[in-house]
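Asker: What follows is a protein structure lacking sequence information:
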Ligand code: ATP
Ligand code: MG
């Protein structure tokens with residue numbers, strides 16, 4: 001078994017200051033300390049502060065058991081089946097508290113044939129907890145009592161050399177939880193770190209294991225990739241490591257084999273570029289638009305095919321959209337409110353061709369117009385010849401500006417838009 005040797009780094013030798021930590025997280029740690037428990041800030045928060053970034057969330061690890069933590073905080077709830085966690089709510093902020101997890105394979109843990117951990121609710125020591133985290137850079141512990149950082153696995157050295165390195169044997173750890181492959185790519189893109197060759201080595205061959213992950217969890221994980229602000233480079237990484245095929249098998253097939261593959265590739269790139277700049281500008285992004293873009297190669301291919309078999313344009317598109325969504329949700333679930341909007345965006349691609357009479361005036365007032373128009377521009381941007389239709393609509397909107405209150409109302413009411421900061425519904429590993 002992997003050895004964890006503790007190195008303690010005093011406050012003077014690191015840059016994690018209390019001012020950079022959420023006051024709620026500090027409160028939680030102080031309360032646990034006052035009751036005699038150990039409590040550390042862990043994971044991404046310590047990593048991000050060391051790198052001068054703003055942490056997305058603040059996670060705490062403790063030797064108190066979940067029920068004990070829950071009893072200490074009125075504003076808390078116990079969650080999770082595979083592993084119990086405590087969520088402590090401070091207004092809109094949520095602090096996640098996890099009990100140190102152990103390694104024992106036989107006592108409380110269970111594995112599938114492929115090596116996936118099905119159950120691992122065993123508590124352990126802080127050393128064991130460090131070893132079962134995913135990457136060394138995610139396994140630093142900050143003690144709010146004496147302001148020291150505890151490093152068990154050479155994590156600080158990897159932060160210095162900007163390296164994503166799996167703790168333990170990479171293949172075994174990917175088999176235990178294949179989502180770690182996506183996490184490796186995401187952290188590498190987000191932090192601009194290299195993945196060590198031992199850590200990236202097994203990914204291509206093991207990519208198929210993502211097929212064992214629940215579609216609902218993959219929806220959350222893939223959204224984190226797409227909303228990371230680095231969607232374009234992550235799209236290339238997913239393709240390079242063969243992960244895209246596991247996540248979007250039908251689209252991947254079209255991207256590889258279709259006569260229009262080059263166009264589709266560039267269409268997805270344009271869409272993701274667009275998303276990255278919106279995230280950078282702190283503008284909202286809807287998963288519906290993202291998935292409408294990612295599935296378009298498949299929808300368009302089937303749409304053309306059905307028309308060549310004699311089905312009329314509109315029903316053919318409806319059918320193609322339905323088929324693409326139906327086969328995609330076998331792999332990544334897409335909540336209904338998003339898939340409905342995706343279908344509308346696609347169907348509008350026909351509606352937007354009708355530029356005669358009063359129709360355009362009515363169309364621009366529809367809540368889906370904006371997304372559908374953006375989608376149309378994307379198709380043109382990627383090189384599709386649509387006889388200047390995008391330009392026509394741009395001009396039309398300049399000549400017929402919508403009353404400002406109307407567009408604002410639609411925008412605000414649109415619950416299907418997600419702020420860049422997406423909170424996963426599923427408990428962490
Ligand atoms: P960010 O919040 O910026 O996405 P993070 O590193 O904090 O990054 P979280 O998903 O918030 O990631 O998880 C918190 C910590 O829990 C991680 O830093 C890691 O130590 C551990 N962890 C999360 N998911 C896994 C996993 N699949 N396998 C092992 N450890 C994990
Ligand atoms: Mg985090």
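Answerer: Looks like it came in fine. Remember, predicted model here, so these are calculated numbers, not experimental data. Ligands and ions are numbered 1, 2, ... in the order given.
Asker: residues from the stretch 201-350 of the chain in reach of ligand 1?
Answerer: By C-beta under 6 Å from any ligand atom, no part of the stretch 201-350 of the chain sits against ligand 1. Quick note: C-beta positions are derived from backbone N, CA and C, even for glycine.
Asker: mind redoing it with 8 Å?
Answerer: For the stretch 201-350 of the chain, the residues in contact with ligand 1 (C-beta under 8 Å from any ligand atom) are residue 224.
Asker: Could I get the full set of helices for the stretch 201-350 of the chain?
Answerer: Here the stretch 201-350 of the chain has its helices, by DSSP state H, counting those that start in this stretch, at 203-206, 215-226, 231-240, 243-247, 249-257, 261-280, 287-308, 313-328, 336-351.
Asker: Can you get me a residue count around residue 30?
Answerer: Residues lying near residue 30 (other C-beta atoms under 10 Å) number 13.
Asker: Now for the closest residue to it other than its chain neighbours: which residues touch it?
Answerer: Take residue 30 and drop its neighbours on the chain: the residue closest to it by C-beta to C-beta, 6 or more residues apart in numbering is residue 144, 6.8 Å away. Neighbouring residues of residue 144 by C-beta atoms under 8 Å, 6 or more residues apart in numbering: 18, 21, 26, 29-30, 33, 39-41.
Asker: Check what pLDDT whatever residue of the chain ends up closest to ligand 1 gets.
Answerer: Nearest residue of the chain to ligand 1, counting by C-beta to the nearest ligand atom: residue 44, 2.2 Å away. Reported pLDDT at residue 44 in the predicted model: 96.
Asker: Distance of the closest residue to it other than its chain neighbours relative to residue 315?
Answerer: Distances taken as C-beta to C-beta, 6+ apart put residue 55 closest to residue 44, at 5.9 Å, once the chain neighbours are dropped. Going from residue 55 to residue 315 by C-beta to C-beta, to the nearest Å gives 49 Å.
Asker: Looking at these two, which has the bigger crowd around it?
Answerer: Set residue 55 next to residue 315 and count neighbours by other C-beta under 10 Å: residue 55 wins out with 19 against 11.
Asker: Can you tell me the SS state at that one?
Answerer: For residue 55, the assignment made with DSSP: H, G, I helix; E, B strand; the rest coil gives coil.
Asker: Hmm, it is touching residue 25, no?
Answerer: No. Taking contacts as C-beta atoms under 8 Å, residue 55 lies outside contact range of residue 25: 9.2 Å.
Asker: so who does residue 32 touch?
Answerer: By C-beta under 8 Å, 6+ apart, the contact set of residue 32 is 38-39, 60, 62, 64, 69, 72, 97.
Asker: and if you look at residue 203?
Answerer: Going by C-beta under 8 Å, 6+ apart, residue 203 touches 174, 181, 184, 241-243.
Asker: Which residue, other than its chain neighbours, is closest to the residue nearest the centre of the chain?
Answerer: Computing the C-alpha centroid of the chain and ranking residues by C-alpha atoms, centre = their mean puts residue 224 first, at 1.3 Å. In this structure, residue 224 finds its nearest non-sequential neighbour in residue 186, 6.2 Å apart by C-beta to C-beta, 6+ apart.
Asker: Tell me the spacing between residue 397 and residue 264.
Answerer: Note on residue 397: its distance to residue 264, by C-beta to C-beta, is 28 Å.
Asker: neighbour-wise, which of those two wins?
Answerer: Just comparing residue 397 and residue 264: by other C-beta under 10 Å the higher neighbour count belongs to residue 264, 20 against 15.
Asker: who are the neighbours in contact with that one?
Answerer: 254-255, 258, 296-297, 300.
Asker: now residue 67
Answerer: Shown in contact with residue 67 (C-beta under 8 Å, 6+ apart): residue 78.
Asker: Local confidence estimate at it?
Answerer: Turning to residue 67, the model gives it a pLDDT of 95.
Asker: Please enumerate the strands of the stretch 51-200 of the chain.
Answerer: For the stretch 51-200 of the chain, applying DSSP state E, counting those that start in this stretch gives strands covering 59-62, 76-79, 85-90, 93-99, 109-111, 117-120, 140-143, 149-151, 163-164, 194-195.
Asker: The host helix or strand of residue 397 - contacts with which helices or strands?
Answerer: Using DSSP states H and E, the element containing residue 397 is helix 389-399. Where contact means 3 or more C-beta pairs under 8 Å, 6 or more residues apart in numbering; DSSP states H and E, helix 389-399 is packed against helix 359-364, helix 369-381.
Asker: The first one: how far from the chain's middle?
Answerer: Using C-alpha atoms, centre = their mean, to the nearest Å, the distance from the centre of helix 359-364 to the centre of the chain it belongs to is 35 Å.
Asker: How about the residues of this structure by ligand 2?
Answerer: 44, 57 (C-beta under 5 Å from the ion).
Asker: Out of the helices and strands in the protein, which is least certain?
Answerer: Among the helices and strands of the chain, helix 404-413 carries the lowest confidence by mean pLDDT, DSSP states H and E, at a mean of 44.
Asker: hang on, the earlier thing: mutual contacts of residue 55 and residue 25, please.
Answerer: Contacts common to residue 55 and residue 25, judged by C-beta under 8 Å, 6+ apart, are residue 45.
Asker: quick one on the thing from earlier: tell me the phi and psi of the residue nearest to residue 30?
Answerer: Main-chain dihedrals, residue 144, degrees, to the nearest 10: phi -80, psi 0.
Asker: burial of residue 323, as a residue count?
Answerer: Residues lying near residue 323 (other C-beta under 10 Å) number 16.
Asker: Outline the domain layout of this protein.
Answerer: For the chain, the structural domains run 7-176, 221-413, going by automatic domain parsing.
Asker: ok so, going back, tell me which residues of the helix holding residue 397 come out buried.
Answerer: Buried residues in helix 389-399, counting neighbours by 16 or more other C-beta atoms under 10 Å, are found at 389-390, 392-393.
Asker: I'd like to check which residues are in contact with the closest residue to residue 84 other than its chain neighbours.
Answerer: Spatially, and ignoring its direct neighbours in sequence, residue 84 is nearest to residue 66 (4.2 Å; C-beta to C-beta, 6+ apart). For residue 66, the contact set (C-beta under 8 Å, 6+ apart) comprises 78, 84-86, 97, 99.
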